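1. Would you be able to build a 3D model of this:
(4 chains)
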Number of protein chains: 4
Amino acid sequence: MWEFRSMMFWRAVFAEFFGTMFFVFFGMGAALRWTSGPYHVFHTALCFGFAAATFIQCIGHISGGHINPAVTFAYLVGSQMSLFRAFFYICAQLLLILLNMKKTHLGMATTVEVFLTMQLVVCVFAVTDERRNGRLGSAALSIGFSVTMAHLMGMYYTGAGMNPARSFAPAVLMRNFINHWVYWVGPMIGAAMGAILYDFMLFPRMRGLSERL
Amino acid sequence: MWEFRSMMFWRAVFAEFFGTMFFVFFGMGAALRWTSGPYHVFHTALCFGFAAATFIQCIGHISGGHINPAVTFAYLVGSQMSLFRAFFYICAQLLLILLNMKKTHLGMATTVEVFLTMQLVVCVFAVTDERRNGRLGSAALSIGFSVTMAHLMGMYYTGAGMNPARSFAPAVLMRNFINHWVYWVGPMIGAAMGAILYDFMLFPRMRGLSERL
Amino acid sequence: MWEFRSMMFWRAVFAEFFGTMFFVFFGMGAALRWTSGPYHVFHTALCFGFAAATFIQCIGHISGGHINPAVTFAYLVGSQMSLFRAFFYICAQLLLILLNMKKTHLGMATTVEVFLTMQLVVCVFAVTDERRNGRLGSAALSIGFSVTMAHLMGMYYTGAGMNPARSFAPAVLMRNFINHWVYWVGPMIGAAMGAILYDFMLFPRMRGLSERL
Amino acid sequence: MWEFRSMMFWRAVFAEFFGTMFFVFFGMGAALRWTSGPYHVFHTALCFGFAAATFIQCIGHISGGHINPAVTFAYLVGSQMSLFRAFFYICAQLLLILLNMKKTHLGMATTVEVFLTMQLVVCVFAVTDERRNGRLGSAALSIGFSVTMAHLMGMYYTGAGMNPARSFAPAVLMRNFINHWVYWVGPMIGAAMGAILYDFMLFPRMRGLSERL
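-> The predicted structure follows:
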């Protein structure tokens, strides 16, 4: 039970909360806008699969990347983790109900842009983190799948900007800058939130503020 | 012929049985619900490909991950394995006819949930097993493809829960808990079975029970 | 010009011939059965991409895996290869016209099964070859993409058996063994040819026949 | 501010310009030819994802591979890069408006072929560059995704030749060589430009001209 006192433990629990919430948010977000049919199955399958890949890349080195009570339970059965840790993991994974998905669906495009960019930035930071090692595979491919996943879910809501440069080009070509600020404000807030989330909370760098500046 | 006496050999034969059975189960499961047409081809192709990737990841370090009599035969021709081993591998691979697929199709959603979660847990355990090394690639991506594959096949039968957290969110939002227990009982049984299968049978850890507890 | 006398050089030229021929065979095979339309584009794109990934995995360590005169030319411009080698590579890459594709289209299912299994076996042997190192990535994923690619192309012609175990299960369930031999003879011939191609011709093992037996 | 004087810095800025321009060019190129609908979302999502994977592989070791002002901003917030560098990166990323996309749409097939082959060659050179190390993953798979991406975008404009050997086979079979030169001239110019871009500008080899010849 010594682990309750460590910062690492609580960071892992928080990472499970974050990972599961985002996994469900993106997967359900893609699934909800679809009618049934063969195409629906495929689209949802791909979105859930890429979401799992993305968020396990993001938090695998922090909490193990379960994002699933059944996987946590399996580790418990395989006696690879303590009962205490498993209990807190499962609680964190189920906390996602705090996320009232309906609100976001009716909400502003900016909110979606913030979330899309936030997951991208956390993924980029996680796969390019020189402090990690292990079975990371290709950093570029991980980021590519993160982009694909964000489009699979986000194109219904905002057209999936996530990248001001990408939204800037058509705006210039069409001379249409109405609501263009959304594609700058949303991603920039999301980027800052993602950077703070990963670099200060999930996997903080041990260095003073003076060193940072 | 010394190898018949080793535990490793029989574990490899069992792994081929398990891998081939699950490979065929998931591939055929996805194929059977489809009428012909271009989309059918694509969906089945992807499901078989991801199933091959998943189950070769799962048993590659135990048996070599053939899951195909033709591949076993090729290794024999390339004289990279003994005739005895090849014979037992091919027998194990063909044992899948024990699996009466029709039964499962008519069967309960719980059974499908058990199988979906079981393959996920074996995949997770296999790719995060610190005793392995070799050409594993990205652990996160392997798990992602395992999730995609399970959805490609399972969404027709149960909606592919596999993850109580994922099924919990819509149930809470909709205040609909009818049959919700399926998405808890199925995955939890599957998780326990997967953990026991991998951690005690396919690739057991050499440690006493006391150390486990 | 010393390299003309080495066995390695001719093996590389042969590998380019083999790789380009199979790349075009699979890509065009998938493309020809389709009418135009958005779906056509996607299917063909995926098949060409996975074919490139598969055959570059197969011959990357033998010839560099160009399978494209333009890539060979680029290496020449970057002065990373000699003019002589580039000339022979491009000749080998264009020799694929020897392959009379029309014949195969009208031909027997067995021929297609042979080719499907042959590429799978060469891919399996190449990615599990312990003599290689380098940027191989995941062996399991490479094989999975090889399976996907073979289905994307082969399902139109034979239903893409490639695996007797996979074809055995439905035959047993349906009690239908008419033409079932095709799914055993084709893959087994393909497996033997693939094993001989890789293990004796493309990247032979330096050991005596006695050691093999 | 010492970094302004280094060649490395300007090469990184140029790499960001190149990467972002090509990322937007391919993604928008695929998006523009589509009407709305579920299929549109999927096609565009995959093309953007593979484009991100490809161009991050291409320039990741030169500039970090941001290709997105939001990601650059995130690195700034995480204080992993200087304000000066971030400023120049974002300027380079937005310079893509120099690319008048409309022109290319009406333009010649040759131009598209040049661009398709150019990105392929830069990707091939980048993933097979023995001077790199890091989280590259599978070289073969990266090239495969680059081929897929080029087809997803290019098949609407030229049928996506990119490979003279691939275009040669149907031309021979059909005895149709009208406009066949496009599939030789375009890829060859693109290959030379890609080789020069990567090998002389983005990541030049430090050796004299005499050594090259």
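2. Got the confidence number for the residue of chain A most remote from its centre?
-> Residue farthest from the centre of chain A, counting by C-alpha atoms, centre = their mean, is residue A:175 at 33.2 Å. Per-residue confidence (pLDDT) for residue A:175: 73.
3. go on, residue A:108?
-> 62.
4. ok, and the closest non-adjacent residue to the residue of chain A found nearest chain B?
-> Distance from chain B to each residue of chain A (C-beta to the nearest C-beta) is smallest for residue A:137, at 2.3 Å. C-beta here means a position set from N, CA and C on the backbone, and glycine is covered the same way. Of all residues not flanking residue A:137 in the chain, residue B:138 sits nearest, at 2.3 Å (C-beta to C-beta, 6 or more residues apart in numbering or on different chains).
5. check contacts around that neighbour.
-> By C-beta atoms under 8 Å, 6 or more residues apart in numbering or on different chains, the contact list for residue B:138 reads A:53, A:57, A:135-138, A:141-142, C:138, D:137.
6. Confidence-wise, which helix or strand of chain A is lowest on average?
-> Least confident helix or strand, chain A: helix A:101-106 with a mean of 48, by mean pLDDT, DSSP states H and E.
7. Residue A:55: what's it in contact with?
-> Taking C-beta under 8 Å, 6+ apart, one finds A:19-20, A:22-23, A:65, A:67, A:119 in contact with residue A:55.
8. Give me the distance between it and residue A:126.
-> In this view, residue A:55 and residue A:126 are 9 Å apart by C-beta to C-beta, to the nearest Å.
9. likewise residue A:194?
-> 10 Å.
10. show me what contacts residue A:95?
-> Counting by C-beta under 8 Å, 6+ apart, residue A:95 touches A:17, A:20-21.
11. any idea which of those has the most stuff around it?
-> Of all the contacts of residue A:95, residue A:20 has the most neighbours under the rule other C-beta atoms under 10 Å in any protein chain shown, reaching 29 neighbours.
12. what helix or strand does that residue sit in?
-> Secondary structure assignment for residue A:20, by DSSP states H and E: helix A:7-32.
13. where's that helix relative to the chain centroid, distance-wise?
-> When C-alpha coordinates are averaged (C-alpha atoms, centre = their mean, to the nearest Å), helix A:7-32 and its chain have centres 7 Å apart.
14. Show me what secondary structure element comes after that helix.
-> Helix A:7-32 is succeeded, C-terminally, by helix A:38-63 (DSSP H and E).
15. do the helix or strand just after that next one and chain B meet?
-> Per DSSP H and E, helix A:38-63 leads on to helix A:69-77 as the next helix or strand towards the C-terminus. Yes. On the criterion C-beta under 8 Å from any C-beta of the partner chain, helix A:69-77 is in touch with chain B at A:69-71, A:73-75, A:77.
16. now, among the residues you listed, which is nearest to chain D?
-> The closest of the residues of helix A:69-77 next to chain B, once distances to chain D are taken by C-beta to the nearest C-beta, is residue A:71, at 24.0 Å.
17. In which helix or strand does the spatially closest residue to that closest one that is not a sequence neighbour reside?
-> Nearest non-adjacent residue to residue A:71, counting by C-beta to C-beta, 6+ apart: residue B:124, 5.7 Å away. For residue B:124, the element it lies in under DSSP H and E is helix B:109-127.
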